[in-house]
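**Q** Here you go, sequence then predicted model.
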Amino acid sequence: MVNPVWLKTFCTLVDVGSFTKAADKCFMTQSGVSQHVRKLEDALSTTLLIRSKKGIVTTEAGEQLYRQGKDVLQTLDNLAVNISQDPGYEGEVRLMSPGSVGLRLYPHLLDLQVTYPTLTINYRFAPNGDIHNAILNNTIDIGLTTACPVNPNIQSEPIGEEPLLLVTPRHVKSPTWETLCQLGFIDHPDARHHAELLLGANFEQYQTAQLRPIKQSGFSNQIGLILLPVARGLGFTVLPANAVAAFAQQAAIKAHHLPTPVSETLYLSSLAGRVLPQRAINVANVIKEQVDSIDMHDKSKE
């Protein structure tokens with residue numbers, strides 16, 4: 001490899017044309033400049049300069065090294081400037097969240113990207129465990145989860161509450177246990193967990209039944225499709241409020257706020273000890289603002 005310090009001294013020498021001027025510009029002695037040039041020639045096994053009473057003349061190899069070396073030094077300077085800069089709305093921000101959260105947040109983050117076209121939002125939906133692993137592997141900048149990380153290498157903060165809602169076809173006005181049994185359960189990857197939290201807190205029958213006597217009427221692992229069978233009268237399900245609010249066919253479903261409300265805490269997490277770039281910090285702040293406004297909106301309906 002070509003030592004960049006020697007290369008810079010050599011290019012400066014060619015620029016100013018004398019060892020005396022090069023020494024002054026590089027804050028070195030003339031012997032120091034000569035030593036850098038000699039080390040560079042030894043490293044490349046070629047003569048770079050011809051010294052004369054009139055000054056210096058570059059050999060063909062010296063001229064080639066000067067031209068290409070100037071480009072290399074400029075690239076290194078630009079790299080140093082780019083690394084030292086931390087633009088607030090430029091570059092990629094990688095984040096993951098459960099689908100219910102993403103349905104509400106993603107459009108707002110796209111609005112931010114429209115405002116700042118040099119910002120790139122890389123958003124993926126995933127379950128809590130996958131999000132924690134992605135943080136630990138440093139493949140994302142920000143993770144949003146409904147489970148508090150237990151790994152000390154993940155730093156997190158609670159930023160909001162996401163209510164869980166019982167969702168039935170529109171014609172169900174006041175759901176009873178018998179009504180739910182007749183409808184059947186629309187399953188999804190987090191449905192059992194959500195049902196345990198919400199139904200367990202509101203129906204005594206659930207404590208012993210745990211959905212066993214309720215037939216399963218369907219299953220979907222796509223967050224945007226879970227409520228389609230509910231809208232068609234094929235069953236009920238339990239979903240976070242954000243997923244319910246994002247469903248297009250609101251007139252066909254009924255979201256029930258049960259006597260004992262149940263919410264999941266939403267955590268914003270990142271790799272412990274890592275200093276996030278400013279663009280990721282700005283996106284995180286937008287997320288906090290949107291989560292806060294979503295919370296207020298949902299609570300106003302209770």
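**A** Happy to help now that I have it.

**Q** Can you point out the buried residues in the lengthiest strand in the chain?
**A** The residue-count maximum for a strand in the chain (DSSP state E) belongs to strand 154-169. Neighbour counts using 16 or more other Cβ atoms under 10 Å place 154, 156, 159-169 of strand 154-169 among the buried residues. (Each C-beta comes from the backbone N, C-alpha and C, glycine too.)

**Q** again with stretch 117-134
**A** Using 16+ other Cβ under 10 Å as the test for burial, stretch 117-134 gives L119, Y123, F125, A126, N128, I131, H132, A134.

**Q** Export those residues as a markdown table, with columns for pLDDT.
**A** What follows is the buried residues of stretch 117-134, written out as a markdown table (pLDDT from 0 to 100):
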| residue | pLDDT |
| --- | --- |
| L119 | 94 |
| Y123 | 95 |
| F125 | 90 |
| A126 | 87 |
| N128 | 87 |
| I131 | 94 |
| H132 | 95 |
| A134 | 96 |
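
**Q** Just the ones in helices from the residues you listed, please.
**A** In this view, the buried residues of stretch 117-134 that belong to helices under DSSP state H are N128, I131, H132, A134.

**Q** Just the helices from the stretch 151-300 of the chain, written as ranges.
**A** Using DSSP state H, counting those that start in this stretch, the helices of the stretch 151-300 of the chain run over 177-183, 191-202, 204-209, 227-231, 241-246, 278-300.

**Q** Go through the ones you listed and pick out the most buried.
**A** helix 241-246 (a mean of 23; mean count of other Cβ atoms under 10 Å).

**Q** Can you tell me which helices and strands it packs against?
**A** Counting contacts by 3 or more Cβ pairs under 8 Å, 6 or more residues apart in numbering; DSSP states H and E, helix 241-246 is packed against helix 99-115, strand 154-169, strand 253-256, helix 278-300.

**Q** Adding mean pLDDT and distance to G143, write the ones you listed out as a markdown table.
**A** Shown next, in a markdown table, are those (pLDDT from 0 to 100; distance: least, Cβ to Cβ, whole Å):
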| stretch | mean pLDDT | distance to G143 |
| --- | --- | --- |
| helix 99-115 | 90 | 11 |
| strand 154-169 | 94 | 8 |
| strand 253-256 | 96 | 27 |
| helix 278-300 | 76 | 11 |
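
**Q** closest one to C26 among these?
**A** Nearest of these to C26, taken as Cβ to Cβ: helix 278-300 at 34.6 Å.

**Q** Correct me if wrong, but L144 is in a helix.
**A** No. Using DSSP: H, G, I helix; E, B strand; the rest coil, the assignment for L144 is strand, not a helix.

**Q** how close does it get to L199?
**A** 25 Å (Cβ to Cβ, to the nearest Å).

**Q** And the buried residues of stretch 117-134, which two are furthest apart?
**A** With distances taken as Cβ to Cβ, the most widely separated pair in the buried residues of stretch 117-134 is L119 and N128, at 26.3 Å.

**Q** for C26, what are its contacts?
**A** K8, T9, T12, G32, V33 (Cβ atoms under 8 Å, 6 or more residues apart in numbering).

**Q** with those residues in mind, which one is nearest to I83?
**A** K8 (18.2 Å).

**Q** per-residue confidence averaged over whichever helix or strand that closest one is part of?
**A** Using DSSP states H and E, K8 sits within helix 4-16. Helix 4-16 carries an average pLDDT of 92.

**Q** Low-confidence bits of the stretch 151-300 of the chain, can you list those?
**A** Applying pLDDT under 70 to the stretch 151-300 of the chain flags the ranges 208-213, 293-300.

**Q** re earlier: what are the buried residues along the next helix or strand after the helix holding K8?
**A** Counting by DSSP H and E, the next helix or strand C-terminal to helix 4-16 is helix 19-26. Judged by neighbour count using 16+ other Cβ under 10 Å, the buried positions of helix 19-26 are F19, A22, A23, C26.
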